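>>> show me how the following folds:
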Amino acid sequence: MTKAEVVTEIAKSTGMEKQDVLRAVEAFMLTVKKSLVEGEAVYLRGFGSFIRKKRAEKTARNITKHTSMLIPEHYIPSFKPAKSFMGYVKDGKMDLSLESEDEEED
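Just a heads-up that it's a prediction; the model follows:
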């Protein structure tokens, strides 16, 4: 599913305009990126966590030129799904109605 398809689905299910949904999706992605760059994780209960993982320094080899180079330690973005989300994917089914989530919040 592409970002455009996500925007279309959200617009259909909420009744919002596509442009408003697109701005919200873009703002969400920017917020996640900024948080990870600053070293802060983003936790979304029932969905998962966007975290920053540290990769250790390592030696890489170019086997065609018979050379080695040192790759310094660095960080990469990572996503860890919530247990309930993993259960939905594993079972291949879930309640798709937005109303049930709204009722739980009340």
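
>>> in stretch 30-39, what's buried?
Buried residues in stretch 30-39, counted by 16 or more other Cβ atoms under 10 Å: 32, 36. From N, CA and C alone the C-beta is placed, and that goes for glycine too.

>>> strands of the protein, start to end?
Remark: strands assigned in the chain by DSSP state E are 42-44, 48-55, 58-62, 67-71, 74-81.

>>> how about the ones you listed in TSV, adding mean neighbour count and distance to residue 95?
Formatted as TSV, the strands of the chain follow (neighbours: other Cβ atoms under 10 Å; distance: least, Cβ to Cβ, whole Å):
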stretch	mean neighbour count	distance to residue 95
strand 42-44	14	18
strand 48-55	14	18
strand 58-62	9	44
strand 67-71	9	45
strand 74-81	12	17
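
>>> what's the closest of those strands to residue 2?
Checking the strands of the chain against residue 2 by Cβ to Cβ gives strand 74-81 as the closest, at 17.5 Å.

>>> so which of the strands of the chain comes closest to residue 92?
strand 74-81 (14.8 Å).

>>> where does pLDDT dip in the chain?
96-106 (pLDDT under 70).

>>> counting contacts, what elements does the longest helix belonging to it pack onto?
Counting by DSSP state H, the longest helix found in the chain is helix 18-37. Helix 18-37 sits against helix 3-14, strand 42-44, strand 48-55, with contacts defined as 3 or more Cβ pairs under 8 Å, 6 or more residues apart in numbering; DSSP states H and E.
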